[in-house]
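Chemist: can't give you the sequence, but here's the structure:
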């Protein structure tokens with residue numbers, strides 16, 4: 001409902017206008033009277049009416065001066081002027097100030113309400129238009145943000161051609177404002193600084209830190225973008241060529257400001273890794289990787305610090321490290337044994353050897369950990385039926401878990417847990433697949449016991465050799481094939497003997513025996529009494 005303020009220095013005119021307005025029909029509400037321009041200005045600024053009906057000649061501040069002053073304040077008020085003068089100069093000035101209409105006294109009821117209806121409809125139309133434009137603008141901004149973050153996510157993962165376009169092309173396609181100067185990558189790790197600290201509000205704190213960090217970056221960089229991955233924020237920033245000392249001062253100022261946000265954030269560990277600078281998009285993927293490796297230094301050297309990636313590592317690390325071919329073969333042999341303890345022990349030994357070899361570049365041990373996990377995962381997944389989306393079989397899941405580790409010991413523990421998980425899943429699947437031929441054989445025996453069945457026949461059915469099937473059968477069923485078939489036949493014979501419509505010879509034939517004496521002898525041996533005695537006992 002739109003509101004109306006009536007302004008005139010004569011009370012009788014105010015009352016008349018109030019009486020003439022069809023308030024209920026138009027859906028308008030009154031905001032009272034003002035009797036001079038100064039009072040009207042104060043009410044407009046305080047109560048913000050939608051429509052103001054004002055006289056031109058008033059004490060203190062005339063109607064035109066009032067409108068001019070309100071327009072300078074950018075107040076969205078619609079003015080209707082009422083005057084006893086048909087002066088062209090007044091009308092011209094009123095139009096210049098964006099007045100909606102000009103009424104000449106004496107005021108006519110129909111004319112006044114028609115003007116109010118027109119103004120009301122115009123305001124509603126403008127409001128809807130602004131609302132739609134605002135919604136469209138929000139949608140455009142959201143799409144731009146998604147484009148930027150998608151590009152950065154692809155760059156982080158090394159997907160596609162994210163780093164193979166020019167700055168101009170990236171600015172145009174993904175709505176960036178990259179300029180000359182340098183690029184830096186930052187990785188910010190946020191985690192509880194207290195043993196057993198609560199994690200419930202971690203995402204909220206990360207968002208708070210990100211918001212503050214963004215505000216500060218806006219003051220000294222050309223453009224930036226970030227993505228959140230678990231406890232980490234990964235930034236790519238483009239700005240002037242700052243020295244390491246200047247950039248560190250700015251980062252420490254930001255950290256100090258973040259600490260003041262709340263007591264809860266003061267209890268969080270905030271660690272930052274900074275890459276070397278580069279001046280081309282092509283090298284941005286490399287500096288992001290550099291910062292990602294540098295953040296792992298906290299596992300050995302502690303949290304709440306700023307770590308600077310060294311140039312040597314930027315030159316060294318264009319591809320991830322892999323274990324040697326002979327080590328790979330040994331790992332595959334251990335996987336075949338499904339012995340998680342041996343795999344874990346071997347992995348620790350290999351990591352210790354690589355740590356000595358890498359020296360100051362020990363952060364690249366992460367590559368060895370990931371390579372070990374990939375080899376285990378790929379080998380285990382050869383057993384069809386294991387879902388690669390389960391837990392540690394997803395590399396992204398393992399990396400997120402690893403990034404949450406607070407020190408190197410926790411990383412090794414995580415690796416051990418992942419090995420246990422993978423080996424157990426593989427062993428269970430192996431056992432199930434190994435047991436499958438036996439289950440098929442058992443079902444076949446249950447359904448075909450009355451026929452002549454040989455081990456060779458069953459072996460052909462499940463596509464195994466008779467010797468291997470015999471071994472599996474005994475392991476899974478607890479007895480050999482022939483003994484199991486006898487048990488199936490005797491169980492069925494017991495059920496048939498309880499029914500008087502078949503004699504013993506007929507029962508023998510129904511359960512697969514052509515010689516009734518052989519059947520009776522086998523039955524007596526298995527059950528302890530003859531078929532005839534069993535029938536008498538249960539008839």
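Modeler: Thanks, I have it. From a predicted model like this one, the values you see are computed outputs, not experimental measurements.

Chemist: Next up, the contacts around the residue nearest the centre of the chain.
Modeler: Central residue of the chain (C-alpha atoms, centre = their mean): residue 229, 8.1 Å from the mean position. Applying C-beta atoms under 8 Å, 6 or more residues apart in numbering to residue 229 gives the contacts 400, 403. Where you see a C-beta, it was placed from the backbone N, CA and C, and this is true even at glycine.

Chemist: can you list the domains in the chain?
Modeler: 2-127, 163-316 (automatic domain parsing).

Chemist: for the shortest one, the distance to its chain's centre please.
Modeler: So that's domain 2-127. Relative to its parent chain, domain 2-127 has a centroid offset of 54 Å by C-alpha atoms, centre = their mean, to the nearest Å.

Chemist: Just say helix, strand or coil for the residue lying closest to residue 39 once chain neighbours are set aside.
Modeler: With sequence-adjacent residues excluded and distances taken as C-beta to C-beta, 6 or more residues apart in numbering, residue 39 is closest to residue 60, at 7.6 Å. Look at residue 60: counting by DSSP: H, G, I helix; E, B strand; the rest coil, its state is coil.

Chemist: Same question for the one 4 residues further on.
Modeler: Reducing the assignment to helix, strand or coil with three-state DSSP, the entry for residue 64 is helix.

Chemist: Distance of it relative to residue 81?
Modeler: Relative to residue 81, residue 64 is positioned 8 Å away (C-beta to C-beta, to the nearest Å).

Chemist: Please say which of the two ends up with more neighbours.
Modeler: Between residue 64 and residue 81, counted using other C-beta atoms under 10 Å, residue 81 has the larger neighbour count: 24 against 21.

Chemist: list the helices and strands the host helix or strand of the more buried one packs on?
Modeler: Using DSSP states H and E, residue 81 sits within strand 78-83. Helices and strands touching strand 78-83, as assessed by 3 or more C-beta pairs under 8 Å, 6 or more residues apart in numbering; DSSP states H and E, comprise strand 51-55, helix 63-72, helix 88-96, strand 101-104, helix 109-157.

Chemist: Most tightly packed of those?
Modeler: Sort the helices and strands packed on strand 78-83 by mean neighbour count, taking mean count of other C-beta atoms under 10 Å, and strand 51-55 sits at the top with a mean of 25.

Chemist: For stretch 355-368, buried residues please.
Modeler: Across stretch 355-368, burial judged by 16 or more other C-beta atoms under 10 Å covers 355, 358, 361-368.

Chemist: now do stretch 260-271
Modeler: 265, 268-271.

Chemist: Export these to TSV and append columns for secondary structure and pLDDT.
Modeler: Below are the buried residues of stretch 260-271 laid out as TSV (DSSP: H, G, I helix; E, B strand; the rest coil; pLDDT from 0 to 100):
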residue	secondary structure	pLDDT
265	helix	79
268	strand	83
269	strand	86
270	strand	90
271	strand	93
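
Chemist: Show the average pLDDT along stretch 156-166.
Modeler: The pLDDT scores in stretch 156-166 average 81.

Chemist: what's the offset of it from the middle of its chain?
Modeler: What separates the centre of stretch 156-166 from the centre of its chain is 21 Å, taken as C-alpha atoms, centre = their mean.

Chemist: Contacts made by it with the rest, please.
Modeler: With C-beta under 8 Å, 6+ apart as the test, stretch 156-166 has contacts from 151, 154-155, 173, 227, 234, 281-285, 288.

Chemist: In strands, which of these appear?
Modeler: Using DSSP state E, 227, 234 are the members of the contacts of stretch 156-166 that sit in strands.

Chemist: Save the contacts of stretch 156-166 as a markdown table, and put in distance to residue 260 too.
Modeler: A markdown table is the format used below for those (distance: C-beta to C-beta, whole Å):
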| residue | distance to residue 260 |
| --- | --- |
| 151 | 33 |
| 154 | 35 |
| 155 | 32 |
| 173 | 39 |
| 227 | 26 |
| 234 | 24 |
| 281 | 36 |
| 282 | 39 |
| 283 | 35 |
| 284 | 32 |
| 285 | 35 |
| 288 | 29 |
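
Chemist: could you flag which of the contacts of stretch 156-166 are buried?
Modeler: 151, 155, 227, 234, 281, 283-285, 288.

Chemist: Return the closest of those with respect to residue 485.
Modeler: Nearest to residue 485 out of the buried ones among the contacts of stretch 156-166 is residue 227 (C-beta to C-beta; 63.8 Å).

Chemist: Contact partners for that closest one?
Modeler: Residue 227 sits in contact with 149, 152-153, 156, 233-234, where contact means C-beta under 8 Å, 6+ apart.

Chemist: between the residues you listed, which is closest to residue 398?
Modeler: Ranked by distance to residue 398 (C-beta to C-beta), the contacts of residue 227 are led by residue 156 at 16.4 Å.

Chemist: Residue 184 pairs with what?
Modeler: Per DSSP bridges, the residues bridged to residue 184 are residue 237.

Chemist: Model confidence score at it, please.
Modeler: You'll see residue 184 listed with a pLDDT of 94.

Chemist: these two touch, right, it and residue 287?
Modeler: Yes. Counting by C-beta atoms under 8 Å, residue 184 does reach residue 287; the two are 6.9 Å apart.

Chemist: Those two: which is more packed in?
Modeler: More neighbours surround residue 184 than the other of residue 184 and residue 287, with 25 against 22 (other C-beta under 10 Å).

Chemist: Distance check, that one against residue 340.
Modeler: Following C-beta to C-beta, the distance that separates residue 184 from residue 340 is 42 Å.

Chemist: Over to residue 107?
Modeler: From residue 107 to residue 340 the distance is 93 Å (C-beta to C-beta).

Chemist: Who has more neighbours out of the two?
Modeler: Between residue 107 and residue 340, counted using other C-beta under 10 Å, the more crowded position is residue 340 (22 against 14).

Chemist: count of residues packed around the closest residue to residue 226 other than its chain neighbours?
Modeler: The shortest distance from residue 226 to any non-neighbouring residue, by C-beta to C-beta, 6+ apart, is to residue 235 (4.5 Å). Residue 235 has 24 neighbouring residues, counting by other C-beta under 10 Å.

Chemist: How about the contacts made by residue 235?
Modeler: Residue 235 neighbours (C-beta under 8 Å, 6+ apart): 185-188, 213, 217, 224-226.

Chemist: hmm, 7 Å instead?
Modeler: For residue 235, the contact set (C-beta atoms under 7 Å, 6 or more residues apart in numbering) comprises 185-186, 224, 226.

Chemist: which non-adjacent residue is nearest residue 262?
Modeler: That would be residue 208: by C-beta to C-beta, 6+ apart, it lies 7.4 Å from residue 262.

Chemist: what distance separates the helix or strand residue 351 falls within from the centre of its chain?
Modeler: Assigned by DSSP H and E, residue 351 belongs to helix 340-358. Its chain's C-alpha centre and that of helix 340-358 lie 33 Å apart, by C-alpha atoms, centre = their mean.

Chemist: Name the residues of that helix that are buried.
Modeler: Residues 340, 343-344, 346-347, 350-351, 354-355, 358 are the ones in helix 340-358 that count as buried (16+ other C-beta under 10 Å).

Chemist: phi, psi of the residue nearest to the centre of the chain?
Modeler: Phi and psi for residue 229, reported as degrees, to the nearest 10, are phi -130, psi 100.

Chemist: and it, bridged to which residues?
Modeler: Bridge pairing for residue 229 (DSSP bridges) gives the partners residue 232.

Chemist: was I right about residue 355 contacting residue 365?
Modeler: Yes. Residue 355 lies in contact with residue 365 (C-beta atoms under 7 Å); the separation is 5.9 Å.
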